[in-house]
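Student: sequence and predicted model, in that order:
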Amino acid sequence: MTSTDPRFPAATAPRTRTVAELDGHLVECRACPRLVAWREEVAATKRRSYADWDYWGRPVPGFGPADAAMLIVGLAPAAHGANRTGRMFTGDRSGDVLYAALHATGLASRPTATHRGDGLTLRGVRITAPVHCAPPENKPTPTERDTCRPWLVREAELLRPTLRAAVVLGAFGWQAALPALAAAGWEVPRPRPVFGHGAHTTLRRADGGAPLELYGCYHVSQQNTFTGRLTPAMLREVLAAAAASAGL
């Protein structure tokens, strides 16, 4: 939920000129009271196995180069993953699966992601999320998703000159990404494309610019990877297709 409480100002994504400037504003956002309270409570109480960690406990910015040709859109930071480490998909089992696949397809410098100073770099890929704060039970509300949307819109606008493909992990991210990409200048077909693993659609640009090849993929959550609904081979296949579309 959002609030008129002055401690929780409305979310705004300034018309920054660079992705780095956008990230600098993003990490100060306090627009959603429930998310602010949860991310800070988790950071204060910690998990016993991470008792010696100084938790990030703030909104988590996107990770990857500002001239990325490919964008990966997740869901939201994990409470003891990115909310702890301060980097997308870093420090949890979902990230273990994702970065192993990115490394296998030549898009990441190493197969593991443990902390911000671990030396990991991405090649032509940026990872972001429609909700930048850790939500209780990993379930942001539609209102929180919509409140956070301006950040995704502006990030996509800044990436637009180089962005050629996007992979959306999960139905929640798909529902969030389509209106954000539309607001950032791509034309979303009507009826809207339906999410599914391996779904693929092309988003044209109204101004005649380069189109965006959009791919759907099951989320790398443990409930998908542990049950075999999403296998490493399935993930690599989607990433490789998107990378080829992006010229990577």
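Tutor: Okay, I see it. Numbering: from 1, shown residues only.

Student: which stretches in the chain count as strands?
Tutor: Along the chain, the stretches classed as strands by DSSP state E are 70-73, 125-128, 165-169, 186-187, 200-205, 212-217.

Student: now, of those, which is deepest in the fold?
Tutor: Most buried of the strands of the chain, by mean neighbour count (mean count of other CB atoms under 10 Å): strand 70-73, with a mean of 28. (Glycine included, C-beta is placed from N, CA and C.)

Student: just the pLDDT for D207.
Tutor: Reading off the confidence values, D207 has pLDDT 89.

Student: oops, could you answer that again for W186 instead?
Tutor: The per-residue confidence score, pLDDT, reads 97 for W186.

Student: over to F8?
Tutor: In the predicted model, F8 carries a pLDDT score of 43.

Student: now the one 10 residues further on
Tutor: On pLDDT, T18 comes in at 96.

Student: which residue is the nearest non-sequential neighbour of it?
Tutor: A66 (6.5 Å; CB to CB, 6 or more residues apart in numbering).

Student: what residues does that neighbour make contact with?
Tutor: Remark: with contacts taken as CB atoms under 8 Å, 6 or more residues apart in numbering, A66 is in contact with 18-20, 126, 158-159.

Student: which pLDDT value goes with it?
Tutor: Note on A66: pLDDT of 97.

Student: what's the separation between it and R116?
Tutor: Separation of A66 from R116 (CB to CB, to the nearest Å): 17 Å.

Student: do A233 as well
Tutor: For A233, the distance to R116 under the criterion CB to CB works out to 29 Å.

Student: now the contacts of A66: which count as buried?
Tutor: Neighbour counting over the contacts of A66 (16 or more other CB atoms under 10 Å) leaves 19, 126, 158-159 as the buried ones.

Student: how about these, which pair is most distant?
Tutor: In the buried ones among the contacts of A66, the most distant members under the criterion CB to CB are R126 and L158, with 10.1 Å between them.

Student: can you list residues touching both of these two?
Tutor: Listed contacts common to R126 and L158 are 19, 66; contacts here mean CB under 8 Å, 6+ apart.

Student: OK, contacts around Y218?
Tutor: Counting by CB under 8 Å, 6+ apart, Y218 touches 169-170, 197, 224, 229-230, 234.

Student: what does L230 give?
Tutor: Counting by CB under 8 Å, 6+ apart, L230 touches 97, 197, 217-220, 224.

Student: want to throw those residues into JSON lines with pLDDT?
Tutor: Listed next are those as JSON lines, based on pLDDT from 0 to 100:
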{"residue": "V97", "pLDDT": "98"}
{"residue": "H197", "pLDDT": "98"}
{"residue": "C217", "pLDDT": "98"}
{"residue": "Y218", "pLDDT": "98"}
{"residue": "H219", "pLDDT": "98"}
{"residue": "V220", "pLDDT": "98"}
{"residue": "N224", "pLDDT": "97"}
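
Student: start to end distance for stretch 179-199?
Tutor: As for stretch 179-199, its first-to-last residue distance stands at 17 Å under the measure CA to CA, to the nearest Å.

Student: coming back round to it: can you add distance to T143 and give the contacts of L230 back as CSV?
Tutor: Compiled in CSV, the contacts of L230 are given as follows (distance: CB to CB, whole Å):
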residue, distance to T143
V97, 29
H197, 27
C217, 26
Y218, 25
H219, 21
V220, 25
N224, 25
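
Student: restricted to helices, list the residues you listed.
Tutor: Using DSSP state H, the members of these that fall in helices are 97, 224.

Student: let's see if you can find the most crowded of the contacts of L230.
Tutor: Going through those with other CB atoms under 10 Å as the criterion, the one with the most neighbours is C217, at 29 neighbours.

Student: and it, how far is that from R145?
Tutor: With the distance defined as CB to CB, C217 ends up 19 Å from R145.

Student: also H200?
Tutor: Between H200 and R145 the distance, using CB to CB, works out to 23 Å.
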